[in-house]
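Colleague: no sequence on this one, just coordinates:
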């Protein structure tokens, strides 16, 4: 394993990207005071994982980033990359060239990269564990470490010799193993308490498991019965819905037929109304002629004046033809009695009057018959309209029952979905309890 190159960018006094290639001809880096020789050593310590800022001769991590000058702006990133040749496979990796990179942003973010792949500080330390390269290794000697070696401060010579002999790695592993043994002893000291608590919990869990199994059995029976009940209710609703649909279709056909019949009856009624109006006009013409005759009779006799007044009263009551005809007959009888002594003089007029009276009676009878037919048609039309309204009410009730059935079906569907969700939730809970019980049993067996 040989150091190949060092790349520094934005670290301390290295504002620009600087690459130092450690070829075979390079034996050292020299320069005047303040040119950055110690910063190179600090960068190497920093990239291999130095965490103590005091060892890097700085106050905080932000001071590691180039802070700028009068002619240069400050940098926002400190980046150092260290490249090794691994031709002898001293590093536990399959790559022949290994590049370690550490970055620190002024925003506070930091990252390690191994061959441009993000990794952890632990990965870097494990990579150099058996090589003797570390943050406190004497392979990297900074200013002041020579004095410590000469003075043998804090057994520095012993540490250097141990590192050179490869003993320090075993001491580190011994320390880690001892820490693990201490932690294991503490865990073993707590096993009895945990076993006691677990035994108590196991009893409670067994009771809960039995209750849960019983609950699931009851829940399963309840769900099956609920589903059967819902199916039965749904089949009943389907039959009712089918019957209501058939009834609705029949009522719709009946409604269409009755609407056609009503249209035909209304057309016939309109035609009869037209004929009745023509008859009424003819009757009015005859009444006018009859009134002229009465006026002639009135000029001859005072009693004729009374008949003219009665005829005028009958003309004002044209709406009620039957009453008019009855009163006309009485008036005619009175006129016949009053003009008995003038029959010889009014023979021609009486003959004409009788002919007109007979014609008027005939027209009155025809009008009465037409009126009765019209009343009968009107009663039939009113009956058809009432039947149509009844059909509409029946249709509305049928639609309402269909809507109620649809709502019931939706409610049942939602209830079924809710039951399925609750079943899935209970199954998940039961599975979780089973997994916890199996885990507890395994832990108990292991601890026993």
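Modeller: Received, thanks. Because the structure is predicted, anything quoted here is derived from the model rather than measured.
Colleague: how does this structure divide into domains?
Modeller: In the domain annotation for the chain, the residue ranges read 2-143, 213-433 (automatic domain parsing).
Colleague: what's the spacing between the longest one and its chain's center?
Modeller: Put plainly, it is domain 213-433. Between the mean C-alpha location of domain 213-433 and the chain-wide mean there is a distance of 52 Å, by CA atoms, centre = their mean, to the nearest Å.
Colleague: same question, the shortest one
Modeller: Computed by CA atoms, centre = their mean, the separation of domain 2-143 from the middle of its chain amounts to 55 Å.
Colleague: next structured bit after the helix or strand bottoming out on mean pLDDT in the chain?
Modeller: Least confident helix or strand of the chain, by mean pLDDT, DSSP states H and E, is helix 321-338 with a mean of 62. Next helix or strand after helix 321-338 toward the C-terminus (DSSP states H and E): helix 347-447.
Colleague: which SS class is residue 31?
Modeller: coil (DSSP: H, G, I helix; E, B strand; the rest coil).
Colleague: Just the pLDDT at it, thanks.
Modeller: Taken from the predicted model, the pLDDT recorded for residue 31 is 82.
Colleague: returning to that earlier point: got CSV for the domains of the chain, with distance to residue 442 and mean neighbour count too?
Modeller: Heads up, the C-betas are built off the backbone N, CA and C, glycines and all. Written out in CSV, the entries for the domains of the chain read as follows (distance: least, CB to CB, whole Å; neighbours: other CB atoms under 10 Å):
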stretch, distance to residue 442, mean neighbour count
domain 2-143, 30, 15
domain 213-433, 15, 13
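Colleague: Compare the ones you listed and give me the one nearest residue 191.
Modeller: With respect to residue 191, and counting by CB to CB, the nearest of the domains of the chain is domain 213-433 at 24.4 Å.
Colleague: Looking at this protein, which helix is longest?
Modeller: Identified as the longest helix of the chain according to DSSP state H is helix 191-300.
Colleague: angle of that one against helix 347-447?
Modeller: Taking axes from the mean of the first three to the mean of the last three CA atoms, to 10 degrees, one finds that helix 191-300 is oriented at 180 degrees with respect to helix 347-447.
Colleague: elements contacting helix 191-300?
Modeller: When contacts are defined as 3 or more CB pairs under 8 Å, 6 or more residues apart in numbering; DSSP states H and E, helix 191-300 packs onto helix 302-316, helix 347-447.
Colleague: So for the shortest one, mean pLDDT?
Modeller: I take that to be helix 302-316. Helix 302-316 shows an average pLDDT of 64 in the prediction.
Colleague: swap in the last one?
Modeller: Computed over helix 347-447, the mean pLDDT rounds to 79.
Colleague: That helix packs against which elements?
Modeller: Helices and strands touching helix 347-447, by 3+ CB pairs under 8 Å, 6+ apart, are helix 191-300, helix 321-338.
Colleague: what sits against residue 13?
Modeller: Taking CB atoms under 8 Å, 6 or more residues apart in numbering as the contact definition, residue 13 lies against 36, 39, 66.
Colleague: Show me what residue 2 bridges to in the sheet.
Modeller: On DSSP bridges, the residues paired with residue 2 through beta bridges are residue 85.
Colleague: That one against residue 84, yeah?
Modeller: Yes. Here residue 2 lies in contact with residue 84, judged by CB atoms under 8 Å, at a distance of 6.8 Å.
Colleague: For residue 233, give its distance to residue 420.
Modeller: Look at residue 233 and residue 420: by CB to CB, to the nearest Å, they are 17 Å apart.
Colleague: returning to what we had before: what's the closest of the domains of the chain to residue 177?
Modeller: In terms of CB to CB, the element of the domains of the chain nearest to residue 177 is domain 2-143, at 13.9 Å.
Colleague: What values do phi and psi take at residue 106?
Modeller: Recorded main-chain torsions at residue 106 are phi -70, psi -20, according to degrees, to the nearest 10.
Colleague: Surely it touches residue 65?
Modeller: Yes. Counting by CB under 8 Å, residue 106 does reach residue 65; the two are 5.6 Å apart.
Colleague: Now do the shared contacts for the two.
Modeller: 76-77.
Colleague: thinking residue 433 is in contact with residue 209, fair?
Modeller: Yes. In this structure, residue 433 is within contact of residue 209 by CB under 8 Å, at 6.6 Å.
Colleague: which phi and psi does the closest residue in space to residue 69 that isn't next to it in sequence have?
Modeller: Sequence neighbours aside, residue 15 is the residue nearest to residue 69 in space, at 7.8 Å (criterion: CB to CB, 6 or more residues apart in numbering). With angles defined as degrees, to the nearest 10, residue 15 shows backbone torsions of phi -70, psi -40.
Colleague: List the residues that contact residue 15.
Modeller: Residue 15 sits next to 66, 69, 72, 75 when contact means CB under 8 Å, 6+ apart.
Colleague: Now the second one, what are its backbone angles?
Modeller: Put plainly, it is residue 69. Summarising the backbone geometry of residue 69 under the convention degrees, to the nearest 10, its torsions are phi -150, psi -170.
Colleague: tell me the contacts of residue 388?
Modeller: With contacts defined as CB under 8 Å, 6+ apart, residue 388 is in contact with 255, 258-259, 262.
Colleague: For residue 92, give me phi and psi.
Modeller: Backbone geometry at residue 92, expressed as degrees, to the nearest 10, gives phi -70, psi 70.
Colleague: So what's the predicted local confidence for it?
Modeller: Reading off the per-residue confidence, residue 92 sits at a pLDDT of 73.
Colleague: Nearest residue to it in space, ignoring adjacent ones along the chain?
Modeller: Among residues not flanking residue 92 along the chain, residue 127 sits closest, at 6.7 Å (CB to CB, 6+ apart).
Colleague: Show me the shaky parts of the stretch 201-350 of the chain.
Modeller: Where the stretch 201-350 of the chain drops to pLDDT under 70, the residues are 297, 301-308, 311, 313-347, 349-350.
Colleague: how about a cut-off of 80?
Modeller: Low-confidence segments of the stretch 201-350 of the chain, defined by pLDDT under 80, are located at 203, 233, 236-238, 272-273, 275-277, 279-280, 282-350.
Colleague: Run through who's touching stretch 58-71.
Modeller: Contacts for stretch 58-71 (CB under 8 Å, 6+ apart): 10-15, 46, 53, 56, 72, 74-78, 104, 106, 110.
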